[in-house]
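> structure of the sequence below:
(one chain, ligands or ions: 1)
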Amino acid sequence: MSEDDDIHLIPVTWIKQYHFCPRIIYYLGVLGYKERVTESMAEGRDLHIDEERRAKRRKTLAGERKELTRGFWSRVHIVSERLGLYGSIDEVVEVDDGLVVVENKFMKSSKKPHSAHIYQAIAYAMLVEEFFHKPVRKAVIRYVRDGRSFELRVTDDLKKHVLWTASKIRSIIEKEKLPRIMNRRRCRSCGFQRVCKDV
Ligand code: SF4
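Just a heads-up that it's a prediction; the model follows:
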């Protein structure tokens with residue numbers, strides 16, 4: 001499915017983009033720009049393949065000792081008409097007391113995960129719950145470059161915030177309204193910097 005096919009279905013990557021900067025949604029959803037493939041993204045793709053191979057061999061959740069893996073699925077593509085979301089989940093792991101979503105980030109970690117990564121992982125957990133008809137009790141965000149993982153509880157509040165984000169995304173697209181700049185410090189690492197200057 002292409003991102004342009006239908007506004008009522010939003011790619012989960014746009015949930016992440018909205019939390020990085022809502023203006024990106026205007027460029028993607030209203031003006032039709034595509035996300036630029038940067039060198040680090042291309043490198044990340046290669047790392048992704050290596051990581052997927054490693055993940056298939058793992059016997060425990062995210063390679064840590066605590067929880068044995070009972071089932072494993074990688075690159076699971078899910079479309080939910082009910083949630084109005086679709087996306088590809090890096091890893092779904094079954095452990096003794098339920099399912100866990102693992103989202104790999106091919107970058108170094110910060111002290112805590114970025115909110116954009118948190119809401120992306122929670123949106124994937126919502127898709128997985130619907131598809132597998134089983135609760136997802138937690139999500140793991142793994143920063144592959146330094147091997148650090150963060151566990152998140154999948155709470156109702158976080159899920160509500162994902163749906164709120166999706167409604168804000170739809171509103172930007174429907175009203176074709178350019179959002180104001182929220183945080184100029186992010187512009188330095190933004191792939192839309194040039195586009196933004198011209199608007
Ligand atoms: S350049 Fe700055 S304001 Fe423009 S989309 Fe990127 S982060 Fe947002």
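> next SSE after the helix or strand of the chain with the lowest mean pLDDT?
Here the helix or strand of the chain ranked lowest by mean pLDDT, DSSP states H and E is helix 39-57, holding a mean of 63. Of the helices and strands lying after helix 39-57 in sequence (DSSP states H and E), the nearest is strand 71-80.
> adjacent strands (with direction) for that next one?
Under the criterion DSSP bridges, strand 71-80 sits next to strand 85-95 (antiparallel) in its sheet.
> show me which residues of the protein are close to the ligand?
Contacts of the chain with the ligand, taken as CB under 6 Å from any ligand atom, map to 21, 23-24, 181, 186-187, 190, 192-193, 196. Heads up, the C-betas are built off the backbone N, CA and C, glycines and all.
> what subset of those is buried?
Using 16 or more other CB atoms under 10 Å as the burial test, those include 21, 23-24, 192, 196 as buried.
> dump the residues of the chain next to the ligand into CSV; add pLDDT and secondary structure as well.
Shown next, in CSV, are those (pLDDT from 0 to 100; DSSP: H, G, I helix; E, B strand; the rest coil):
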residue, pLDDT, secondary structure
21, 96, coil
23, 96, helix
24, 96, helix
181, 90, coil
186, 91, helix
187, 92, helix
190, 91, coil
192, 92, coil
193, 90, helix
196, 89, helix
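> would you mind giving these as CSV with distance to residue 32 added?
Listed next are the residues of the chain next to the ligand as CSV, based on distance: CB to CB, whole Å:
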residue, distance to residue 32
21, 17
23, 15
24, 13
181, 21
186, 22
187, 21
190, 18
192, 13
193, 18
196, 15
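> pull the contacting residues for the residue nearest in space to the middle of the chain.
Closest to where the C-alpha atoms of the chain average out (CA atoms, centre = their mean) is residue 120, at 3.1 Å. Residues counted as contacts of residue 120 (CB atoms under 8 Å, 6 or more residues apart in numbering) are 12-13, 15-16, 19, 103.
> spatially nearest residue to residue 30, not counting backbone neighbours?
What sits nearest to residue 30 in space, not counting adjacent residues and going by CB to CB, 6 or more residues apart in numbering, is residue 176, at 5.0 Å.
> show me where the chain dips below the pLDDT cut-off.
Across the chain, the ranges flagged by pLDDT under 70 are 1-7, 36-65, 198-199.
> that older thread, ok and the host helix or strand of the residue nearest to the centre of the chain relative to strand 71-80, angle-wise?
Per DSSP H and E, residue 120 falls inside helix 115-132. On the basis of axes from the mean of the first three to the mean of the last three CA atoms, to 10 degrees, helix 115-132 is oriented at 90 degrees to strand 71-80.
> check which element follows helix 115-132 along the chain.
By DSSP H and E, the next helix or strand past helix 115-132 is strand 136-143.
> given that next one, what are its sheet partners and their directions?
In the sheet, strand 136-143 lines up against strand 98-105 (parallel), strand 148-153 (antiparallel) (DSSP bridges).
> any idea how far the first one is from the chain center?
The offset between the C-alpha centroid of strand 98-105 and the centroid of the whole chain comes to 11 Å, using CA atoms, centre = their mean, to the nearest Å.
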